[in-house]
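**Student:** Quick one: sequence plus predicted model below, questions after.
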Amino acid sequence: MEYRQLGKTDLIVSRICFGCWQLSPRFWGEVPLEPWHAALKKSVDLGVNFIDTADAYGDGYAEESLGDFLKKEGLRDKFILATKFYWNFQGERHPDTRYEYILRECEDSLRRLKTDVIDLYQIHAFDPLTRPEEVAAAFGQLKKEGKVRWFGVSNLNADQMRMYLPYFDIECLQPRYSLLSREIEAHELPLCLEKRIGAIAYSPLFRGLLTGKYDRDHKFEDTRKDAPLFNGKAFHRILDAMEEVKKFADDLGLTVPQLAIRWVLTHPAMTSAIVGIKTEEHLATICPAADEELPIEVWYKVASILETAKKEAEAM
Ligand SMILES: NC(=O)c1ccc[n+]([C@@H]2O[C@H](COP(=O)([O-])OP(=O)(O)OC[C@H]3O[C@@H](n4cnc5c(N)ncnc54)[C@H](OP(=O)(O)O)[C@@H]3O)[C@@H](O)[C@H]2O)c1
């Protein structure tokens, strides 16, 4: 496993991060816990030391399941633990980044995760209703109390990050990034490089589509059921493109999912790719992606194959 320093922090994280969104039944249905536990255990053998979760995944369920398992197995110290806050899910669900809420929600996350400290605490998305001074005050308090080591943001654009930067250190951006979602290349990733902010990509396999593993008549039963590109002609167009990508993967001795992850990790701003893991096999087969980077001509070529396919698929 390869590792990188996360932003300017003292955290040295594996380039593959274990993503826990899959433990959100509302989006993914019931994901069995036994294979998920086996995957978490396997992380230690494979050198994966970085886990990403959120309070909102299953409204506490993902954090609780993770905390229970790490405590039972005595594995908390093996991992750098990242979680998020933003969705206030007590009652009517709404964004919330007010001072009192952050302090209270952090307590709840610590309790569910059964830990004394969160290594990376991230704002899940941008909340326009709370002033940055107020967020900064809460972060200062949590740092002073030793409850959080470092802070990050997710789903923010460059202007939103710039608004926060005078008030608190952003050590990490968690954006969506993959061969099918490259919007952040223009502004957010250059800002990360300029300010030495780490970047950890979510949905690097575009929720599985970039594995190319599905049959043409596959029907998704989870959050992907009605998602663009996961149905009909558009879905077939992307699968055809993945057949083309497979030739490049074969030449490099990689599987298609490995190539898709290696593509993400080749961007110089990228610290790690957060992969949504359900099983030990998912984890074991994806880890070799982190060993090296892609030759640049392959990086550009597969990007252009998917760019064309996506444009055509969206027009169908
Ligand atoms: N900050 C945010 O707003 C945000 C949003 C989304 C996700 N995230 C984070 O990012 C993580 C990953 O994102 P994601 O779950 O959306 O997408 P992803 O990692 O792009 O895709 C996950 C899906 O890919 C398939 N998969 C994973 N590893 C595989 C392997 N080795 N071989 C074949 N297939 C494999 C599985 O599909 P099947 O189920 O079909 O087997 C899995 O459900 C999440 O768990 C979460 O921690 C953050």
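**Tutor:** Yes, it's here.
**Student:** Going by C-alpha atoms from here, please, whenever you check contacts or count neighbours.
**Tutor:** Fine.
**Student:** count of residues packed around the spatially closest residue to residue 191 that is not a sequence neighbour?
**Tutor:** Setting aside the residues directly before and after it, residue 191 is nearest to residue 158 in space (Cα to Cα, 6 or more residues apart in numbering), at 6.8 Å. When counting by other Cα atoms under 10 Å, one arrives at 17 neighbours for residue 158.
**Student:** Near the ligand, which residues of the stretch 151-300 of the chain are found?
**Tutor:** Among all residues of the stretch 151-300 of the chain, those adjacent to the ligand (criterion: Cα under 6 Å from any ligand atom) are 154, 174, 202-208, 211, 257, 274-277, 282-283, 285-286.
**Student:** Mind doing that once more with 5 Å?
**Tutor:** The interface of the stretch 151-300 of the chain toward the ligand, taken as Cα under 5 Å from any ligand atom, is made up of 202-208, 274-276, 282, 285-286.
**Student:** Now the buried members of the residues you listed.
**Tutor:** Neighbour-count burial (16 or more other Cα atoms under 10 Å) applied to these gives 202, 203, 204, 205, 206, 208, 274, 275, 276, 286.
**Student:** quick one: the fifth one and residue 182 touch, right?
**Tutor:** Looking back up the chat, that one is residue 206. No: distance between residue 206 and residue 182: 11.0 Å, which falls outside the contact criterion (Cα atoms under 8 Å).
**Student:** How about residue 280: what's its closest non-neighbour residue?
**Tutor:** Across the structure, with Cα to Cα, 6+ apart as the measure, the residue nearest residue 280 apart from its sequence neighbours is residue 39 (3.9 Å).
**Student:** before we move on, what SS does the one you found have?
**Tutor:** Look at residue 39: counting by DSSP: H, G, I helix; E, B strand; the rest coil, its state is helix.
**Student:** where's it relative to the ligand, distance?
**Tutor:** In this view, residue 39 and the ligand are 11 Å apart by Cα to the nearest ligand atom, to the nearest Å.
**Student:** Alright, calling it a day.
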